[in-house]
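Participant: Give me coordinates for this.
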Amino acid sequence: KDMEFNFDDRCKEAFDCLKRALTTTPIIQAPNWTVPFELICDASNYALGAVLAQRVDKLPRVIYYASRTLDAAQANYTTTEKELLAIIFALDKFQSYLLGSHVVVFTDHAALKYLLKKANSKPRLIRWILWLQEFDLDIRDKSGAQNLVVDHLSRIERAEDEDTLPIQDNFPDEHLLIVSVFPPLASRAQIDKIKSDAKHYIWDDPYLWKLCSDQVIRRCIPDHEIDSVLQFCHSFAPGGHLGIQRTAHKVLDCGFYWPTIFRDAWKICSTCEQC
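Facilitator: Sure thing, here's the model as predicted:
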């Protein structure tokens, strides 16, 4: 206060230098569909991290950052399972970018490359490996020291939940098996059908999977993802948009399922302005 403002040549030079630094630092860029994608993944004991990137003039340029915490069950996975889960998380997150493109995956756990060739893996790992086969992947080993950004994303500490309730060891089994999960007005035949249909579904947190009639396990898509999946499958063909049947079959070929695929494919095809 009451001081003369003095903005001399040195101040102007420093200000211009700051502007240049802010406007020339590498920033997130849009994808180039003619260049292979790079997916850098990492996992810690409590979180997953991933970076989607491409190389421009031999230098990596970031397209997207992603991370999330592990739930209680996933925190008990082995190191190999966590590293593979990080890849599954990244492929699911960036699926719209990566389907149909060559993807180089960098991970700091070399055992993953051999796990993909192992014949007697756990059912959960087999489902994950089937999901990986939907993509054109080249998995390479890269240490965490070389993956500083994604290593940091996977190690961001989460806040502890102070509202966690203690486990009740005396919780009656009858409460766990109670049949109130069925519709209250459901007939015996309807309840039997629900039980029969449930045999074809597999819950593997965080996804629900269905064993379809062609013996292919597909991931069940929640309502908020249906439109984006249909849009991608409908406009996937390079020569034009697919019809109703081919759009629906493209969804199934991509490994997705929901009960009204064909009806929703008819809706999107009949309302597509370009068609």
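Participant: How about the secondary structure of the closest residue to Lys93 other than its chain neighbours?
Facilitator: Of all residues not flanking Lys93 in the chain, Ala66 sits nearest, at 4.9 Å (CB to CB, 6 or more residues apart in numbering). Where C-beta positions appear, they are placed from N, C-alpha and C, glycine not excepted. At Ala66, secondary structure determined by DSSP: H, G, I helix; E, B strand; the rest coil is strand.
Participant: Please name the bridge partners of Ala66.
Facilitator: Ala50 (DSSP bridges).
Participant: Could you double-check that it lies in contact with Leu91?
Facilitator: No. Counting by CB atoms under 8 Å, Ala66 stays clear of Leu91, with 10.9 Å between them.
Participant: Partner strands of the helix or strand encompassing Asp138 and their direction?
Facilitator: Take DSSP states H and E as the rule and Asp138 turns out to sit in strand 136-141. If you go by DSSP bridges, strand 136-141 pairs up with strand 102-107 (parallel).
Participant: List the buried residues in the strand it pairs with.
Facilitator: The neighbour-count check on strand 102-107 (16 or more other CB atoms under 10 Å) flags Val103, Val104, Val105, Phe106, Thr107 as buried.
Participant: now, which of those sits nearest Thr271?
Facilitator: Thr271 lies nearest to Val103 out of the buried residues of strand 102-107, by CB to CB, at 32.1 Å.
Participant: I'd say the closest one and Ile139 touch.
Facilitator: No. Val103 is not in contact with Ile139 according to CB under 8 Å; the separation is 9.3 Å.
Participant: State the helix or strand in which the residue lying closest to Tyr207 once chain neighbours are set aside lies.
Facilitator: Leaving aside its chain neighbours, Tyr207 sits nearest to Arg219 (5.4 Å; criterion: CB to CB, 6+ apart). Assigned by DSSP H and E, Arg219 falls within strand 217-220.
Participant: now the stretch 101-250 of the chain, which segments are flagged as low pLDDT?
Facilitator: 109-121, 142-182, 237-240 (pLDDT under 70).
Participant: ok, now how distant is Phe236 from Asp57?
Facilitator: 30 Å (CB to CB, to the nearest Å).
Participant: between those two, who's got more neighbours?
Facilitator: The neighbour count for Phe236 versus Asp57, taken as other CB atoms under 10 Å, is higher for Phe236 (15 against 5).
Participant: hmm, back to that, neighbours of the residue nearest to Tyr207, how many?
Facilitator: The burial count for Arg219: 21, using other CB under 10 Å.
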